[in-house]
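>>> Please work out how this folds:
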Amino acid sequence: MPRTTLTLTVLLAAAFPCAAVAMTAAQSSSTTTGTTTSSEGALPDAVAAVKRAKELMGGDAWDKIRSFESSASLRSAMGDARVEFRFVAPDSFELIQSMPGGGRTMTMGSANGVAWIGEPGRERAADPRMTAEMRDGGDLQVLVRTISERFTGFRTVARAEDGGRTVLRIEMRPKQAPPDAPAWMLLVDATTGMIHGVEIPAPPAPPSSAAGAQKTFGQSIRVRRWEPVTAAADAARAAPLLAFREATVESGGTKTDIVYDRITVDGLAADAVKAPVAAAARK
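This is a model prediction of the structure:
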C-alpha cells in the first residue's frame, strides 16, 4: 500500500516532465456549488456509499484479475501525450508515456525483482520501493477503484451540485497519512452511486527560504463515461467490470483531458512484462 498517491504525483512529475498529470493531477479549486448540509435531512452513510460504488464497479472481482492493460490519450496546454499501463499479477507492471511526432518516450516498471526507469533502450535500475508505489497506485484507474482499501475515516459532509450532477461530498484520509494530514474529498454521484471525482489537498509547501521552491497545488479529478471493460472469454463473472473512459484533471490552472481507448483485463500473458536487459544487469 503506498504512503499516499500524492507521493506518486511527485514521482511521476520527475519521471515524465511533460504530461505527468496523467495518473492523478489537478488543482483543488472545486467546481462544486449549492452545498446542502444535514440540516435539510440526514446525509447518506459514507461507508455504505463507498461500498456501493465499489460494488457497482465490479466489487471484489477486481482483486482477482490476472492482468490489466490500458492506453489513453492526454491533451493539455503542455502538449499531447500517450500513456500505456500494463499490470500482470501479482506485482509486475510497466508504465510508458510518449509524446506524439517522435517526441520523448519514458518508461517505468518492475518485474521479477528488477525495477527500472528511463528512455527505452537507456533504462537504469530504480528503487524498488518507488516502483512498488507506482504499481499500487500510479494509474488513475487503480486509484479510483481502490479507494475503499486505501482510505479510512469516511464521512459524508454535504450534498452539492457539480458539473450538473448532485453529488455526495465524502471526506476521507489515506490510511498511512499522519493524523494531522488534511482530508481528501470523494465525490459520489447521488443518483447513480458511481464515483464522480476526487479532490486532493496540496502537499506541504516547502520552507519559504528554500531557493527556487516551487508552489504546491491541490488536485482535482473528475471521471465520467463508465463502461464495461474488455475481458478474456474465459473470465466468468456475475457482473461486468466497469471503468471510466474519460477524465479531466486540473493543477495550478492547467487542465488535462484524458480519453481511454483501451481497457482490458486478463488479456496479457504471465510474462508480458519483462525487465530491460540493461536494468537487470545493474540489479
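
>>> tally of neighbours for Ala247?
By other C-beta atoms under 10 Å, the residues close to Ala247 number 24. Placement of C-beta: from N, CA and C, glycine included.

>>> same question for the helix or strand harbouring it, mean pLDDT?
Of the helices and strands defined by DSSP states H and E, Ala247 is found in strand 242-251. The pLDDT scores in strand 242-251 average 94.

>>> Can you name the next helix or strand after the host helix or strand of Ser148?
Ser148 belongs to helix 147-150 when assigned by DSSP H and E. Once the chain leaves helix 147-150, the next helix or strand it forms, by DSSP H and E, is strand 151-162.

>>> can you pull the buried residues of that following strand?
If you call a residue buried by 16 or more other C-beta atoms under 10 Å, then strand 151-162 has these buried ones: 151, 154, 156-160, 162.

>>> pLDDT weak spots in the protein?
Scanning the chain for pLDDT under 70 picks out the ranges 1-41, 101-102, 131-138, 206-214, 233-236, 278-283.

>>> ok, back up a step: of the buried residues of strand 151-162, closest to Val144?
Val144 has its nearest neighbour among those in Phe151, at 11.6 Å by C-beta to C-beta.

>>> Tell me what the closest one is bridged to.
Phe151 forms beta bridges with Pro174, as assigned by DSSP bridges.

>>> my read: it touches Met185, true?
No: between Phe151 and Met185 there is no contact under C-beta atoms under 8 Å: 10.8 Å.

>>> Spit out the residues that contact those two alike.
Contact criterion C-beta atoms under 8 Å, 6 or more residues apart in numbering; residues bridging Phe151 and Met185 by contacting each: Met172.

>>> Pretty sure Thr107 sits against Gly118.
Yes: under the criterion of C-beta under 8 Å, Thr107 makes contact with Gly118 at 6.8 Å.

>>> Between these two, point out the one with more neighbours.
Thr107 (22 against 18).

>>> Spit out the contact partners of that one.
Taking C-beta under 8 Å, 6+ apart, we find Thr107 in contact with 94-97, 116-120, 123.

>>> mind running it again at 7 Å?
Going by C-beta atoms under 7 Å, 6 or more residues apart in numbering, Thr107 touches 94-96, 118, 120, 123.

>>> likewise Ala48?
Counting by C-beta under 7 Å, 6+ apart, Ala48 touches no other residue.

>>> so it, which of the three states?
Under DSSP: H, G, I helix; E, B strand; the rest coil, the three-state class of Ala48 is helix.

>>> And for the one 3 residues further on?
Three-state secondary structure (criterion: three-state DSSP) places Lys51 in helix.

>>> How much space separates it from Pro203?
Going from Lys51 to Pro203 by C-beta to C-beta, to the nearest Å gives 29 Å.

>>> what does Asp63 give?
Distance check for Asp63 against Pro203: by C-beta to C-beta, it reads 29 Å.

>>> Likewise for Val259?
To Pro203, Val259 is 28 Å away according to C-beta to C-beta.

>>> just checking, Ala231 touches Val265?
Yes: contact criterion C-beta atoms under 7 Å: Ala231 and Val265 qualify, at 5.1 Å.

>>> overlap in contacts of these two?
Leu241.

>>> What is the end-to-end distance of stretch 246-262?
One end of stretch 246-262 sits 11 Å from the other (C-alpha to C-alpha, to the nearest Å).

>>> what ranges do the helices span in the stretch 151-283 of the chain?
With DSSP state H, counting those that start in this stretch as the criterion, the stretch 151-283 of the chain has helices at 277-281.

>>> how about the strands in it?
Remark: strands assigned in the stretch 151-283 of the chain by DSSP state E, counting those that start in this stretch are 151-162, 165-174, 184-189, 195-200, 219-228, 230-231, 242-251, 254-265.

>>> Of these, flag the one that's most buried.
Comparing the strands of the stretch 151-283 of the chain by mean neighbour count (mean count of other C-beta atoms under 10 Å), strand 195-200 ranks first with a mean of 25.
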